[in-house]
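In: Could you work out the structure for the sequence below:
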Amino acid sequence: MSKKGNTILEIYQICQKKNNYEFDNDLVKKISKKYGFGNPFDATAIHTSSTLPDELLREDIGLIHLGKGKHKFIKGVNKIFHNFEKIQKEIDWEYKRSLLNLYNTSESNILSVANNQRILHHFLFGHDKEFDNIDITKRPKTYFPHRTKASFSYNFGKDTIVNFDKIQIEIDLTIEYDGTIGVFEGKNGMRENFAVYQIYHPFLYYFNANEDSSIKGRIKNIICIYVVKTIENKITKLKLWSYSFQNPKDITSIKFMKSACYKLID
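Out: Residues are numbered from 1 along each chain as shown. Predicted coordinates for the structure are as follows:
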């Protein structure tokens, strides 16, 4: 098992003995040091369920953040992580490769290529069932990757309320057109699922921004898009899934909207 897995498992076992499943960063630092895990703040950053130790998966136990350096083990892995739906539509996307398209494989480069090739626009503003007749000559406003801090609270199902005080939020990319905001999370390589907070925190950030006096009600829709780049049989594919939240104040109310795979034909 990895150093990260060993760290999480021992913290869980300590919580079991205490019969108290909340813990803080002080304990994380202590156990991380024991296993030589370099960045203790990364120990609790679990972006897919496969990162969890097998013992926790067998017991259906996952990890959520409570804010202010506190965390909690809870039952219900399927509430913390969301499995990707099947791809609904495959699209051959002809393009002329630009100089820097494949120069690096960073997550920001994935979104840059998808944005420059108008794929993000095509996917986000297409019809629910078809992707034809989209006017892609009108370019949405693009807001590049940034980190920001925000304070907010939300429900994790019926029984848990999560409070954050100036938590750091990472937003990979934002585009906006005619009051519709698309927030994007980009990853290299396919995985079974993703941690919902990765798209929910940016969603809630913009949802709350709609109450700001400078914006006040001008945001019509907030759509979260997860983008995964894969290379299959030497063909680069960009797979996109879009989501929203039925109850904006409950992270477990995630709602799938549509999916598509764009095959880049050079």
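
In: contacts, neighbours, all on C-alpha from now
Out: Fine.

In: Name the helix or strand of the protein that has the lowest mean pLDDT.
Out: When each helix and strand of the chain is scored by mean pLDDT, DSSP states H and E, helix 107-116 comes last, with a mean of 80.

In: Just the C-alpha atoms of it, please, in PDB.
Out: Extracted in PDB, the C-alpha atoms of helix 107-116 (Å, rounded to 0.1, in the frame of the first residue of the first chain):
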ATOM      1  CA  GLU A 107      -4.300  19.400 -17.000                       C
ATOM      2  CA  SER A 108      -4.300  23.100 -17.900                       C
ATOM      3  CA  ASN A 109      -3.000  22.200 -21.400                       C
ATOM      4  CA  ILE A 110      -5.900  19.700 -21.800                       C
ATOM      5  CA  LEU A 111      -8.400  22.500 -21.300                       C
ATOM      6  CA  SER A 112      -6.400  25.000 -23.300                       C
ATOM      7  CA  VAL A 113      -6.500  22.600 -26.400                       C
ATOM      8  CA  ALA A 114     -10.200  21.900 -25.800                       C
ATOM      9  CA  ASN A 115     -11.000  25.600 -25.500                       C
ATOM     10  CA  ASN A 116      -8.800  26.700 -28.500                       C
END
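
In: other SSEs contacting it?
Out: Under the contact criterion of 3 or more Cα pairs under 8 Å, 6 or more residues apart in numbering; DSSP states H and E, helix 107-116 touches strand 180-188.

In: Who does the strand it packs on pair with, and is each partner parallel or antiparallel?
Out: strand 173-177 (antiparallel), strand 221-232 (parallel) (DSSP bridges).

In: Other residues contacting the longest one?
Out: Contacting residues not belonging to strand 221-232 are listed as 110-111, 179-190, 199-200, 203, 206-207, 236-244 [Cα atoms under 8 Å, 6 or more residues apart in numbering].

In: What is the distance between stretch 255-266 and the centre of its chain?
Out: With Cα atoms, centre = their mean, to the nearest Å as the basis, stretch 255-266 stands 16 Å off its chain's centre.

In: Sorry, slip of the keys, the one I care about is stretch 58-69.
Out: 16 Å.

In: In that stretch, which residues are buried?
Out: Ile61, Gly62, Leu63, Ile64, His65, Leu66, Gly67 (16 or more other Cα atoms under 10 Å).

In: residues contacting the first one?
Out: Think Ile61. Phe73, Ile74, Lys75, Gly76, Val77.

In: excluding its backbone neighbours, what's nearest the fourth one?
Out: Okay, so that is Gly76. Leaving aside its chain neighbours, Gly76 sits nearest to Asp60 (5.6 Å; criterion: Cα to Cα, 6 or more residues apart in numbering).

In: returning to what we had before: what's the ChimeraX syntax to select whichever of the contacts of strand 221-232 are buried?
Out: Selection of the buried residues among the contacts of strand 221-232 in ChimeraX, burial being defined by 16+ other Cα under 10 Å:
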select :110,111,180,181,182,183,184,185,186,187,199,200,203,206,207,236,237,238,239,240,241,242,243,244
